[in-house]
Each structure stands twice: as structure tokens, then as C-alpha cells.
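**Student:** Below are the sequence and a predicted model; questions follow.
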Amino acid sequence: MSESTILELRQKNSSDVERNGIYKTTLDTAIQIEEGDQVNVKAIYLDTSESSAGFIHLEEDVDITMEMAIYIQNYKLDQRFISHFGQESLELRQYVNMGNDVRSPFELGDNNIWWLAQHSENVSSTNWKVQKIKITIGDLSKGVDNYGGLTLHFNYVSTAPGAANLVYPLKIKSTRKQNLPPNGEYAINILSRGDGDGPFITLQEKLPQTGITSVTWEPYQEQVDPGETIFTLQRFPLNFTIGAGDYTPGELADIITENMANVELEGKVNDLYDDNASSTPITKTNWPAMSPFLTTILKNDAELQRKALTEGETIGQSFVNATDYIVDNGNDLAGTFYMEYNLIDMKGEYVAPNPANPADYNPPLDKYIGANEVALIFDENTNKLQFNLHFPIYVNESSSGSNDASPGVVYNGIDNNLPGVFSVPTGMPLRYSGVAFTRLEPTSFWENQLGFGDITITPEMNANLNYPISTSTPPTHNNSFTIKANNGEQITGAFPALDVAVIKSETSFSTPPFSNISTTNPPLIEISNPAIWSVNSTKTYNNSIADEGYFIVDVSPNFNQNLVGEIGSSQSSKSTQSIVNRYYTQNSFTSDQGAGSISYTHSGAPQMLSEFQVRVLNPDRSTVKPSILQEKNTVFIEVIKPIKSNTNQNPK
């Protein structure tokens, strides 16, 4: 006779997961293993339900939140515009806070990324700046070497008029305990509304689930003085729901793209401007694009002015040079300059409709900003999902005004009187404009199921912006922001392949500009370029049957057992093993009911069984590809103890 105990080793319950299929389970109560006790692998369930056939399974409806920021690439061809009156050139982008001694309004663009922001005066006495937080974690002395591998989400209230609720994601990378930051301090750099006691900040996560015992920012908070002008990144939200079910990556990509790319998402579009479009406040409600991904300069200004009336404050539209603005002397001036569009001249182009002569009508001059090439695509060559989120530069258009241009790149030149002050290394602009995500929720969907873990940007309120003009005494508050955004990681655009440097209209295949043309008036060099620098997911979806027929499941407790392979293989192991048939069909788990397991019978001194290390391996003992296994892996261990007969009883 014997008694049996079943142990559940479930990856989703583990606090120590190296990757899917490799994790450690610590038992709530240790079990003593004695002479004659058996330890068997009772059953194994491996989560190949999604990746085995390239399916994504949603157990219930998923409410999607996407939040975007908009940027422009400040290149030369989009600096000056033609007026409808007398063909006069207008400089619509104005570098407001630089002064004529730094940059003339008629000088060309710097080819850098400038982010759409709003600026307003701080009228509150209870706005707070928080630069750091302090985290205290639990005891790491009990054999735990690493901490982190998680993201904390701090809810706070924006200081911008309208008081939007924002989220600051703090990613804490997995690190060894000896490499944790001094005093547990992490930089966050946010501005938040609050009261006399402090900012309105809360942590989404529950501390016991993260291994954190306390979080505080009180020692690092300081009030923002009234009267300081604050520049805040503008954000544009989108919400929709994806129904429960099973989807191929391509099907899911199509659903998400349909919700992103609808130009009439927020109302019917309208190509006619009335006289309110050239006045303040603007009351026009329909525009050429009604989408959070694509807007116009005048539309965004109208929304800001409506908000300003509601809040009783003055709000300005601006673009901040927040990303990698490294000038010739090596200094990074990111977040220190801003520019505006000349709204007065843009609205001054307006001519009201004349019923007697309809041809007299002329709309105000308006410009798109955002992204028109918006898509989530499943690439069948790489088996990955990828985002495209930009407005291409269109080249080789015809003179007829038809839509026959193709995406491409142009060569950008720098024209600056003082290049050491306001000049960055130039190159080819890769897009006219674009968007980047500031928020993607739920995290379990975007990161775990789709593999977009590092695609979002986070503005850091850590820059002194000279407002309104360049001065010798910089502001005392960090009232502007910087943003880290890289091509192919957070933003997209044309891919600058080697082929775009070749000018193909000349038989000599010369370099631009052509040597026989004056460099004071170089030609316009345009190159068609269909290649895109997309943002790829980190997850690869598998659509093929495995090349070998089984998995090795290695379960390592604190006792030893030998499994010896064939001669010369050097594939011996001192752990409990099980062989699992690798055959699977779509939407199923690969399982084994212990038929392929090797039993262990204990001999010798008793040992305490307290934890197990589970590793799912290929037959050659290599780790299984991330495209094969998901997170719902479980191993059941059976401990069998023989019931000893009582030998002390007297026979009848």
C-alpha cells in the first residue's frame, strides 16, 4: 500500500521565470523524501496552443487603448510655402525662442524630429515636479540573486489645462542584487497636479505582487512656482474592442489596422473651410482628417483654443526639439528650443465664398501633421508583426496635381549663419511627419501576446527651455521635455538603404549634388524608396511542424538521478526526465500523462524536497524557441510513499 501526493509546478504561478518553458517553483511546504519513496512525472501540459499553428487566442473581449504623440521632421522642402496671393513665399515655421542672432526665419530646416506640444503658464500653486522615486524591495538573501524584469505604472494628473490622467511606465530591468541602484532610487521626471501635501500620484500595481515593500517620492518632490511656462507633449487617444476568439496574426493585424486607419473615425471629413476657420475661437468641427493619427495645424489649434476657453487659460501650439538634438560642438540641446507655425498668415489666406463668383473662394493654408501610412502588418517572410506609423515624403509627382507620386527621400541641406549654435548633422529626411505610441494597453495583450514591449515613448520633464527668447540666464525650472525615439524601435520611416544614394538619372551614376552644377543652387534630388524602417515585434509566430518529434522535460529538484544517453553523446543528466511527443494540432496543448517519464526511487538519507527547476528542451538539450511555447506550461509531479506495516504487533 502507498499514499500519493500530487505537486503542481505551474509557470504562471512562478515568480522566477527565465523564459517560457524555463522556470522555478518553490513549494509552500517542503516534503521529506525517505528510503523507498518514488518521485514521478505524473503529467505534462505544454502551451503550444497559439504558436504551434500561429494562432492568437483571446479568452475574452479585449478593450484596447492606444495613445499617440505626433512629430514632424524639420527638413528644407517643408520650410517655405507659396501664398495664394501673388505667389509670395511665406515662412510658416518660426523659431520663436531663438532670436535673429541665432537663426533667421528664412534659413532651411535642420532635419531633426520636433514633437507636437502645447505650452501654457503655470497658474496653480499646487503643481509638483517629481524627479525620482525610492523603491524598497523584500529580502533577497534567501538564494534569490536577481530582481526586476517588471514595469511599474504610476498614474498622475497632467499639469496642462484640462487635467488629463496620464500613466508613467517605469521599466525595471532584471538585475543582480549587487547591481541595484544606490538607495533604490529611480528617475521618473514627471510634472503632476496635486494639493498642498503633494502630487496626485498612485501606483497601479499591488506591492506584494512585485516583491516591493514600499514606494515613496516625497523626498524628491518640489512645487512648481506659478508663472513658469510649461511645455507638455500632446497625446491623442484611441479606444476599441477586439472580441474573444482565435485569430491568425494576419487577421488580428487587419482588425487593428481597420480601427487605426479610418480617416472618419471622429466624424465626417470636410474639405471646405468657413470663415470661422480663420478666426479665434475656431468653431469649425469637421476637417480634412478626423483621426487621432492624422490631424492638421489649424484643427489642432482649434481644439487647443476650445480647451483654453473652457479652462480660462491661454494655450499655445508648439513643436519641441526633444530628441537627440546634438549640435556641432557635441552638446545635446534636446528640449531647449521650440517653434510654431505662423497661424496668422495661414488663416490670412482665407477668402470667403462668393455666391456670385464661386471661384473667389480660397481656404486658409493648412498642413497635415501625423501619419497617413498607419498599419499593423503580418510579414509572412519573417513571421512577425510590424507597425508602420509615418507620413512618407512623396517624390516624382507629376505637374498635373494628381495622386501619382511615390514614397521616397530627398537630400536635405543645412543653411545656418551660426552652425555651432543651431545646427545638427543633416542627411536624408525619412518622413514628412509621424506618430509614436505613448501608451498601449492592456500590457498583457501588447507585450505578452504580440511582442511589442519597448515600442512606447515616455517624455521626461528634464530640460530647461528658453522661453520666450534665448537669454543668458536659463529658466530655473525643468519646464520642457526630452524623448528617446529610435528608427525601427519607436518611430518608422523610409529605410535609408545604399541604393537611395545612387542617382540613376545620369549615366555616370554620380553623387548628389552633381559636380557640374553650382553648389549655391543645387538641384532637387528626389529618390523613390519603397523600403520602410518598420517597428517589428519581438515575437515570431511559428507556422510549421517541428523538425524533431519530441521535447525533453527536465525537472531538477534537490536530489539527483542519472539519465544516460547514447554512446559518445555526452548527454547525461542528474534530474528527473520526461519525454513528450511533439505532435500537436492547432489550438491544442502538447501533453503527456507520464508514459514517457523516468521514475526515481530514493535511497539513502532523507532529503527535504522544497523546489523544482523546470526546463523544456529540444532533443539536443538546446532551449526551445520563443515561437514554440507560451506561458501556460504546467508539470505535475507525483510523490509516492509506501505505507509501512506495523511489525510490533503480537501474532495471535
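**Tutor:** Yes, it's here. Numbers count the residues shown, from 1 in each chain.
**Student:** where along this protein do the helices fall?
**Tutor:** In the chain, the segments counted as helices under DSSP state H are 207-210, 249-260, 297-311, 343-347, 443.
**Student:** what packs against the longest one?
**Tutor:** Helix 297-311 sits against strand 113-121, strand 316-320, helix 343-347, with contacts defined as 3 or more C-beta pairs under 8 Å, 6 or more residues apart in numbering; DSSP states H and E. No exception for glycine: its C-beta is placed from N, CA and C like everyone else's.
**Student:** cutoff 10 Å now
**Tutor:** Secondary-structure packing of helix 297-311 (3 or more C-beta pairs under 10 Å, 6 or more residues apart in numbering; DSSP states H and E): strand 113-121, strand 294-296, strand 316-320, strand 338-341, helix 343-347, strand 368-370.
**Student:** likewise the second one?
**Tutor:** If you count contacts as 3+ C-beta pairs under 10 Å, 6+ apart, helix 249-260 packs onto strand 56-58, strand 62-73, strand 236-242, strand 245-247, strand 373-379, strand 384-391.
**Student:** still on that earlier bit, in JSON lines: the helices and strands packed on helix 297-311, plus mean pLDDT, mean neighbour count and distance to K384.
**Tutor:** Putting the helices and strands packed on helix 297-311 into JSON lines (pLDDT from 0 to 100; neighbours: other C-beta atoms under 10 Å; distance: least, C-beta to C-beta, whole Å) gives the following:
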{"stretch": "strand 113-121", "mean pLDDT": "94", "mean neighbour count": "23", "distance to K384": "25"}
{"stretch": "strand 294-296", "mean pLDDT": "96", "mean neighbour count": "22", "distance to K384": "25"}
{"stretch": "strand 316-320", "mean pLDDT": "94", "mean neighbour count": "23", "distance to K384": "32"}
{"stretch": "strand 338-341", "mean pLDDT": "90", "mean neighbour count": "22", "distance to K384": "37"}
{"stretch": "helix 343-347", "mean pLDDT": "87", "mean neighbour count": "17", "distance to K384": "41"}
{"stretch": "strand 368-370", "mean pLDDT": "96", "mean neighbour count": "22", "distance to K384": "25"}
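**Student:** Looking at the ones you listed, spot the one closest to A308.
**Tutor:** Evaluated over the helices and strands packed on helix 297-311, closeness to A308 peaks at strand 113-121, with 7.9 Å, by C-beta to C-beta.
**Student:** just to revisit the earlier point, could you redo the helices and strands packed on helix 297-311 as JSON lines and give each row distance to N20?
**Tutor:** Listed next are those as JSON lines, based on distance: least, C-beta to C-beta, whole Å:
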{"stretch": "strand 113-121", "distance to N20": "36"}
{"stretch": "strand 294-296", "distance to N20": "38"}
{"stretch": "strand 316-320", "distance to N20": "40"}
{"stretch": "strand 338-341", "distance to N20": "45"}
{"stretch": "helix 343-347", "distance to N20": "53"}
{"stretch": "strand 368-370", "distance to N20": "37"}
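**Student:** So for K625, which of the helices of the chain sits nearest?
**Tutor:** Taking those one by one with C-beta to C-beta, helix 249-260 is closest: 16.0 Å.
**Student:** and the angle for that closest one with strand 373-379?
**Tutor:** 170 degrees (axes from the mean of the first three to the mean of the last three C-alpha atoms, to 10 degrees).
**Student:** if we can go back for a sec, want to throw the helices of the chain into TSV with distance to N529?
**Tutor:** Shown next, in TSV, are the helices of the chain (distance: least, C-beta to C-beta, whole Å):
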stretch	distance to N529
helix 207-210	45
helix 249-260	22
helix 297-311	26
helix 343-347	30
helix 443	34
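**Student:** Just tell me which of these ends up closest to T511.
**Tutor:** Nearest to T511 among the helices of the chain is helix 297-311; the distance by C-beta to C-beta comes to 35.7 Å.
**Student:** List the buried residues in the closest one.
**Tutor:** Under the neighbour-count criterion of 16 or more other C-beta atoms under 10 Å, helix 297-311 has 297-305, 307-308 buried.
**Student:** if we can go back for a sec, which one of the helices and strands packed on helix 297-311 lies nearest to V614?
**Tutor:** strand 113-121 (45.3 Å).
**Student:** and the angle for that closest one with helix 297-311?
**Tutor:** Per the same axes, to 10 degrees, the angle that strand 113-121 makes with helix 297-311 is 20 degrees.
**Student:** tell me how far strand 113-121 is from the chain's mean position?
**Tutor:** Relative to the centre of its chain, strand 113-121 is centred 20 Å away, using C-alpha atoms, centre = their mean, to the nearest Å.
**Student:** Adjacent strands (with direction) for it?
**Tutor:** Applying DSSP bridges to the sheet, strand 113-121 is found paired with strand 62-73 (antiparallel), strand 229-233 (antiparallel), strand 316-320 (antiparallel).
**Student:** Including distance to V41, could the ones you listed go into TSV?
**Tutor:** Output for those, formatted as TSV (distance: least, C-beta to C-beta, whole Å):
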stretch	distance to V41
strand 62-73	35
strand 229-233	53
strand 316-320	59
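**Student:** Quick one: closest of the ones you listed to K625.
**Tutor:** So among these, strand 62-73 is nearest, using C-beta to C-beta, at 25.6 Å.
**Student:** Identify each buried residue in the closest one, please.
**Tutor:** 62, 64, 66-73.
**Student:** Number of residues surrounding S125?
**Tutor:** 11 (other C-beta atoms under 10 Å).
**Student:** From E121, how far off is the nearest residue to it once chain neighbours are set aside?
**Tutor:** In this structure, S125 finds its nearest non-sequential neighbour in P226, 5.5 Å apart by C-beta to C-beta, 6 or more residues apart in numbering. Look at P226 and E121: by C-beta to C-beta, to the nearest Å, they are 8 Å apart.
**Student:** next one: I212
**Tutor:** 37 Å.
**Student:** F231 too?
**Tutor:** Look at F231 and E121: by C-beta to C-beta, they are 11 Å apart.
**Student:** and the residue nearest to S125, what is it in contact with?
**Tutor:** Going by C-beta atoms under 10 Å, 6 or more residues apart in numbering, P226 touches 121-127.
**Student:** Just the ones of those residues in strands?
**Tutor:** Under the assignment DSSP state E, these contribute 121, 127 to strands.
**Student:** For T623, the count of nearby residues, please.
**Tutor:** T623: 16 neighbours (other C-beta under 10 Å).
**Student:** what's the closest residue to D195 other than its chain neighbours sitting at in phi/psi?
**Tutor:** Spatial nearest neighbour of D195, chain neighbours left out: T126 (5.3 Å); criterion: C-beta to C-beta, 6+ apart. Here is the backbone geometry of T126 (degrees, to the nearest 10): phi -120, psi 30.
**Student:** how much space between T126 and S120?
**Tutor:** Taking C-beta to C-beta, one finds T126 at 16 Å from S120.
**Student:** now swap in T601 and tell me
**Tutor:** Counting by C-beta to C-beta - T601 and S120 are separated by 75 Å.
**Student:** ok, now N40?
**Tutor:** 68 Å.
**Student:** I72 reaches F391, doesn't it?
**Tutor:** Yes: at 8.8 Å, I72 counts as touching F391 under the criterion of C-beta atoms under 10 Å.
**Student:** All set now, cheers.
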